[in-house]
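Peer 1: With the sequence up front, the predicted model follows.
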Amino acid sequence: MDEEAMLQLASKAVDYIFDASPNVRTVLKARLILSIDRRETTEQALATVKLAAAYKTKGVVGIDLSGNPSIGEWATFVPALRKAQQQGLKVTLHAGEVTNSTEIKSMLEMQPDRLGHVCTFTDDELESSAICLQEPDYPIIREEPGWPTLVPALMGREARDIPIELCPTSNLRTESVK
């Protein structure tokens with residue numbers, strides 16, 4: 001089964017659930033995010049973005065860069081991720097699962113819509129990436145007292161919050177956290 005057939009199947013499954021239980025539509029919204037695996041080539045990543053853009057009207061809202069952070073070069077995926085942003089797709093980047101200051105800085109400069117992991121971010125990396133640590137009047141990330149709050153102020157744009165997805169199982173397996 002190719003990628004488009006899998007996407008069609010996932011879309012049909014979502015429709016089936018909503019059609020079978022009409023009340024579900026009033027409490028849930030389902031959208032799809034297509035993933036680019038770090039083992040892929042630039043061409044494969046661009047093909048995933050092309051597919052996501054073609055299905056924007058059918059529930060696809062974004063692209064996710066994920067996979068083993070020690071595989072693949074960040075630069076391989078930049079053209080596809082930029083293309084996704086140009087197509088109006090949301091971009092999620094798994095960043096900071098392992099220490100890699102250069103990659104973290106480049107990822108943050110891309111202004112993603114969501115970040116995964118962020119386990120190894122340091123204050124210096126955040127500051128050098130134009131992301132600043134502040135204590136706003138409201139909590140953005142607050143897992144326990146003393147955790148920093150991330151407030152991006154990127155490249156002269158209006159400050160915005162970047163949601164963080166936490167992946168405890170992955171973080172434990174990769175020993176990003178102990």
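Peer 2: It's in.

Peer 1: Please make it C-alpha for all contacts and neighbour counts, starting now.
Peer 2: Noted.

Peer 1: how close does residue 99 sit to residue 72?
Peer 2: From residue 99 over to residue 72 the distance is 15 Å, taken as C-alpha to C-alpha, to the nearest Å.

Peer 1: for the protein, which spans come out with low pLDDT?
Peer 2: Of all residues in the chain, those with pLDDT under 70 make up the ranges 123-161.

Peer 1: in it, which spans are helices?
Peer 2: If you assign secondary structure with DSSP state H, the helices in the chain sit at 3-20, 24-27, 42-54, 74-86, 101-109, 123-128, 168-173.

Peer 1: helices and strands around the third one, which ones?
Peer 2: Judged by 3 or more C-alpha pairs under 8 Å, 6 or more residues apart in numbering; DSSP states H and E, helix 42-54 is in contact with strand 32-37, strand 60-66, helix 74-86.

Peer 1: picking that back up, would JSON lines of the helices of the chain with distance to residue 64 and mean neighbour count be doable?
Peer 2: As requested, the helices of the chain are arranged in JSON lines below (distance: least, C-alpha to C-alpha, whole Å; neighbours: other C-alpha atoms under 10 Å):
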{"stretch": "helix 3-20", "distance to residue 64": "15", "mean neighbour count": "13"}
{"stretch": "helix 24-27", "distance to residue 64": "25", "mean neighbour count": "10"}
{"stretch": "helix 42-54", "distance to residue 64": "10", "mean neighbour count": "19"}
{"stretch": "helix 74-86", "distance to residue 64": "9", "mean neighbour count": "17"}
{"stretch": "helix 101-109", "distance to residue 64": "12", "mean neighbour count": "18"}
{"stretch": "helix 123-128", "distance to residue 64": "21", "mean neighbour count": "15"}
{"stretch": "helix 168-173", "distance to residue 64": "16", "mean neighbour count": "12"}
